[in-house]
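Undergrad: quick one: sequence plus predicted model below, questions after.
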Amino acid sequence: MCYNISEAELVVSTEDNVFKDVLIAYPFTKPEDVKTAFRLASQHLRDPQLPELTITVMVDCMTHLYKLSIAWHKEAEKMIHSLKTSQKKLKESYNSLKLRVCIDYDMSLCYLYNYVHLGVHRSPIYNTKKFSELVAALDDFPNLILTSVMGYEAQISGVPLNNPFTKWMNPIMKIFQRISKRDVLRKRREMKEVIRKYGYNLEFVNGGGTGSFLWTLQDPNVSEVSVGSGFLQSHIFDWFHDNESKCALTFTIECTRKPKKGTITCQSGGFIASGNICKDKAPSVFLPPKLKPYDAEGFGEVQTPLSGSDANRIDIGDYIFLRPAKAGEIAERFNEYVCIRNNTIQFTAPTYRGLGYCFF
C-alpha cells in the first residue's frame, strides 16, 4: 500500500522487483499522475522484459471516475497512435487495458444523513445506498474495473481506550467503539451483498489499522488488514488494551546543557505526530526512564529540557532515547534506520528522506 503514485513508482522500481502489486490508498485525478499510472500498468506491454505490475487506485465519487476515465483513455489513445499499423495485437492490448479501482467505503459512525459524523472525514460513501450507486455507475466507464474495496475503521483502530492524557474520555470511547463495531460489521455485510448483486468478484477487501487489526481479522467479509505504525510499536499503541507488541523504534537526542540540578537540556526533540493537538502526540522518554519534559516547554524544535532523578547521572554528550507517538512522521526527520539485534548493529536502511524523496 502506497500513499500516492510517486511513492508507488519508487516502490515498484526496486532492483529486485519485490513489489509488483500496489494499492494507492489516496485518490488522485491529475492527468500527469494518471499518465504515470498508465505507464506503470502497461510497461509489460511495451517491454516484455519488464515485470508485469498491478496498480490499483482509490475512488470514492463520480468525479474520480469521470476524471480518471478520461485521462486513462487519452493515455491509451496516445500509445495506440504511436504504434505501427502492423502492431494490431499490441494496439488491442492497450485498448483493452483497464484501470483498476478500489472504492473507499467510509466506516465512520454516521447519523442524520451524515450531519452527525463520528470518525475521520475520508470518503463520502458512508452508507450502503451511496456505495451501491457508485458501484452501479462503474458500468458507464468501460475502461475502469472494480477490483476491491477498502473500509478503514479509524475511529476504532486509531483511538486508544487507555489514553493517560484523556482518562475521562476512555469509558465514553469504549461505549462508542462498541456501537461502532456493530455498525462496521453491518456495513461490510451489506457491502458484500451489493458486490454480489452487481456480479463483481473482488480480489480483496481491506480493513483494519494497527489498533484494531486483531478484531478486524475476525470479520469474514475482510480478506486483508493494514498495519502501519504497529510494525514499529510507536508509543501511542501502548494504550490499546489488546495490543501486546513491544517497542521496536526509538530515536536519540543529545544532552548539550545542564542548566541546574535535576535538569538536562537536549538538542532538538520536537517531532510531533499528526492528528489533533494533544500531549499524546508528543514523543515519550524511553531510556533512562526517570526523565520527563517540562509542561511549559515540552519537546522543542531546537531544544528539549528534561527533568527527573536520572538527570543527575547524565553527562553532556550522552544520548537520551525517545519513542515517537507515531512511526510515519519521524522517518521524515532522519536519513536512515539503524537495525539492531542482540545489542549489535546488523545493518542500516535508508528512509525516503535518506533516498532524497518527499511525498506529500
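TA: Structure's in. What do you need?
Undergrad: domain map for this structure?
TA: Per automatic domain parsing, the domain ranges recorded for the chain read 5-239, 251-350.
Undergrad: isn't Leu146 right next to Ile103, touching?
TA: Yes: if you go by C-beta atoms under 8 Å, Leu146 and Ile103 touch, sitting 6.7 Å apart. Any C-beta I mention is one placed from the backbone N, CA and C, and that applies to glycine too.
Undergrad: deepest in the core, which of the domains of the chain is it.
TA: Most buried of those by mean neighbour count (mean count of other C-beta atoms under 10 Å) is domain 5-239; its value is a mean of 17.
Undergrad: what average pLDDT does that one get?
TA: Domain 5-239 shows a mean pLDDT of 91.
Undergrad: next one: stretch 280-295
TA: Here the average pLDDT along stretch 280-295 is 94.
Undergrad: can you give me the offset of that stretch from its chain's centre?
TA: 26 Å (C-alpha atoms, centre = their mean, to the nearest Å).
Undergrad: endpoints of it, how far apart?
TA: By C-alpha to C-alpha, to the nearest Å, the extent of stretch 280-295 from end to end equals 13 Å.
Undergrad: what does stretch 283-295 give?
TA: OK, stretch 283-295 end separation, C-alpha to C-alpha: 13 Å.
Undergrad: what sits against Glu133?
TA: Neighbour list for Glu133: empty [criterion: C-beta atoms under 8 Å, 6 or more residues apart in numbering].
Undergrad: that one in helix, strand or coil?
TA: Secondary structure, DSSP: H, G, I helix; E, B strand; the rest coil: Glu133 is helix.
Undergrad: and the strands in the stretch 1-150 of the chain?
TA: For the stretch 1-150 of the chain, applying DSSP state E, counting those that start in this stretch gives strands covering 21-24, 54-59, 99-104, 109-111, 116-118, 144-151.
Undergrad: redo those strands as CSV? Include distance to Ser229.
TA: Output for these, formatted as CSV (distance: least, C-beta to C-beta, whole Å):
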stretch, distance to Ser229
strand 21-24, 18
strand 54-59, 20
strand 99-104, 20
strand 109-111, 23
strand 116-118, 22
strand 144-151, 18
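Undergrad: for Ile340, which of these is the nearest?
TA: For Ile340, the closest of the strands of the stretch 1-150 of the chain is strand 21-24, at 29.6 Å, according to C-beta to C-beta.
Undergrad: send me that closest one as PDB with only the CA atoms.
TA: Extracted as PDB, the C-alpha positions of strand 21-24 are listed here (Å, rounded to 0.1, in the frame of the first residue of the first chain):
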ATOM      1  CA  ASP A  21       1.100  -5.400  -6.700                       C
ATOM      2  CA  VAL A  22       0.500  -1.900  -5.300                       C
ATOM      3  CA  LEU A  23      -2.600  -0.200  -3.900                       C
ATOM      4  CA  ILE A  24      -2.500   3.600  -3.900                       C
END
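Undergrad: what packs against that strand?
TA: When contacts are defined as 3 or more C-beta pairs under 8 Å, 6 or more residues apart in numbering; DSSP states H and E, strand 21-24 packs onto helix 5-12, strand 54-59.
Undergrad: out of these, which gets nearest to Tyr115?
TA: strand 54-59 (24.2 Å).
Undergrad: how much does the closest one deviate in direction from strand 144-151?
TA: Orientation note: strand 54-59 sits at an angle of 70 degrees relative to strand 144-151 (axes from the mean of the first three to the mean of the last three C-alpha atoms, to 10 degrees).
Undergrad: can you list contacts of strand 54-59?
TA: For strand 54-59, the surrounding residues in contact (C-beta under 8 Å, 6+ apart) are 5, 8, 20-28, 37, 40-41, 64-65, 68, 99-104, 134, 147-148, 150.
Undergrad: what's the overlap in contacts for Leu146 and Ile103?
TA: Common neighbours of Leu146 and Ile103 (C-beta under 8 Å, 6+ apart) are Val135.
Undergrad: mind naming the longest helix for the protein?
TA: If you go by DSSP state H, the chain has its longest helix at helix 170-197.
Undergrad: that one to strand 99-104, inter-axis angle?
TA: Using the same axes, to 10 degrees, one finds that helix 170-197 and strand 99-104 are set 140 degrees apart in direction.
Undergrad: give me the next element, helix or strand, following helix 170-197.
TA: Using DSSP states H and E, the helix or strand that follows helix 170-197 towards the C-terminus is strand 204-208.
Undergrad: gap between that next one and the chain center?
TA: Here the centre of strand 204-208 is set off from its chain's centre by 13 Å, with C-alpha atoms, centre = their mean.
Undergrad: from the chain's centroid, how far away is the helix or strand following that strand?
TA: Per DSSP H and E, strand 204-208 leads on to helix 213-216 as the next helix or strand towards the C-terminus. Relative to the chain's own centre, helix 213-216 is displaced by 16 Å; criterion: C-alpha atoms, centre = their mean.
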